[in-house]
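S.K.: Could you work out the structure for the sequence below:
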Amino acid sequence: MMKASVNILTAILAVISLSSCNRTLEPDSSFIGSSDIELTVAGSVVHKYDPLTWQLGYNQTTREFRACDDAMRNYFLVTCSTVPSSTGQKLDATVTWTTGGSVQSVKGRFEVAKAQGDTYWLWCGEKKTRTGVTVRVLR
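M.R.: Next up, the predicted model:
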């Protein structure tokens, strides 16, 4: 009887553990509600594109989106497994950016949380990541 109780308890703990690891969080409302091209990490805006002092780039062959300031000190790059095309689409992406002179990166499964014309709001809601990035397909 004791062994059966231990096995049941172990199974319950395993299910709870697995479900909490795979849980994804919904996109931040401020990210989805924004019309800006920006990078948001853990609820904070890291970089925001300013058309007066920043440049946008897009390479169709490598599916890479770039935004950098005119001095090229601050930037974020997004390399996607496929080109975003519609809300709900899932794709793998790597996001690399600078903060305070250091380079950081996140790789994961992103979802197109919002699509408007050629602009796409990509969201990775993994608990540790919570990364949102807006990209624009330049033609």
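S.K.: Could you use CA atoms for every contact and neighbour count after this?
M.R.: Will do.
S.K.: Which strand runs longest in the protein?
M.R.: strand 102-116 (DSSP state E).
S.K.: and the helix or strand that that one is followed by, how far out from the chain's middle?
M.R.: Using DSSP states H and E, the helix or strand that follows strand 102-116 in sequence is strand 119-124. Remark: strand 119-124 is offset 7 Å from the chain centroid, using CA atoms, centre = their mean, to the nearest Å.
S.K.: And for the longest strand of the chain, what's in contact with it?
M.R.: 27, 32, 84-98, 120-125, 129 (CA atoms under 8 Å, 6 or more residues apart in numbering).
S.K.: Of those residues, which count as buried by neighbour count?
M.R.: 27, 32, 84-86, 89-91, 93-98, 120-125, 129 (16 or more other CA atoms under 10 Å).
S.K.: Take these and keep only those in helices.
M.R.: Ile32 (DSSP state H).
S.K.: which ones among the contacts of strand 102-116 are found in strands?
M.R.: Secondary structure defined by DSSP E assigns 90-98, 120-124 of the contacts of strand 102-116 to strands.
S.K.: Now the longest strand of the chain: buried residues?
M.R.: 106-115.
S.K.: farthest pair in the ones in strands among the contacts of strand 102-116?
M.R.: Spanning the widest gap among these are Lys90 and Thr98, at 25.2 Å by CA to CA.
S.K.: and Ser30, which of the three is it?
M.R.: helix (DSSP: H, G, I helix; E, B strand; the rest coil).
S.K.: So what's the residue count around it?
M.R.: 12 (other CA atoms under 10 Å).
S.K.: gap between it and Ser102?
M.R.: Distance of Ser30 to Ser102, given as CA to CA, to the nearest Å: 26 Å.
S.K.: Equivalent analysis for Thr94, please.
M.R.: For Thr94 relative to Ser102 (CA to CA), the value is 17 Å.
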